[in-house]
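Student: Output the structure for:
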Amino acid sequence: MNIASLTAKGLIIAITAMVMASPATAGDAAAGKAKAVMCSACHGANGIASLPTYPNLAGQNAGYLKESLKAYKNGERTSKQAAIMSGMAKALSDADIENISAYYSSLK
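Tutor: Numbering: from 1, shown residues only. The predicted model follows:
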């Protein structure tokens, strides 16, 4: 095998890996913005918290947000704010979680 064929093969493998690693569903950021109104009291209107005890969500990784919300919803997360967040997350559908995650990750 020559270097050109190895490079082409490597490129195909890399592209395949990226496609497989991308999320199957990307949430609807516009729907997430509408649903995130309930989040703004603690996390700010644009995902920037006004109090230092609450995290900023603007620009956060969508996968991280999704997994965090699911963990709160399922009672798997026990941080200082877990009681508040669990109650909020339990009211969310899987689609809501996808959409809210897409919305906050889209903010810069």
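
Student: any weak-confidence spans in this structure?
Tutor: Within the chain, the segments meeting pLDDT under 70 span 1-12, 14-25.

Student: residue nearest the centroid of it?
Tutor: residue 62 (2.1 Å; Cα atoms, centre = their mean).

Student: Give the full set of residues in contact with the nearest residue in space to it that is not next to it in sequence.
Tutor: Excluding the flanking residues, the one nearest residue 62 by Cβ to Cβ, 6 or more residues apart in numbering is residue 105, at 3.8 Å. For the C-beta atoms, the positions are set from N, CA and C on the backbone; glycine is no exception. Listed by Cβ atoms under 8 Å, 6 or more residues apart in numbering, the contact set of residue 105 reads 59, 60, 61, 62, 65.

Student: are any of the residues you listed buried, and which?
Tutor: Among the contacts of residue 105, the ones that count as buried by 16 or more other Cβ atoms under 10 Å are 60, 62, 65.

Student: rewinding a little: for the residue nearest to the centre of the chain, give its distance to residue 44.
Tutor: Relative to residue 44, residue 62 is positioned 18 Å away (Cβ to Cβ, to the nearest Å).

Student: repeat for residue 70
Tutor: Separation of residue 70 from residue 44 (Cβ to Cβ) stands at 22 Å.

Student: Buried residues of the helix or strand containing the residue nearest to residue 62, list them for me.
Tutor: Assigned by DSSP states H and E, residue 105 belongs to helix 94-106. Neighbour-count burial for helix 94-106 flags 96, 97, 98, 99, 100, 101, 102, 103, 104, 105, 106 (criterion: 16+ other Cβ under 10 Å).

Student: what's the spacing between it and its chain's center?
Tutor: Relative to its chain's centre, helix 94-106 lies at 6 Å (Cα atoms, centre = their mean, to the nearest Å).

Student: before we move on, what about stretch 60-77?
Tutor: With Cα atoms, centre = their mean as the basis, the mean position of stretch 60-77 lies at 8 Å from the chain mean.
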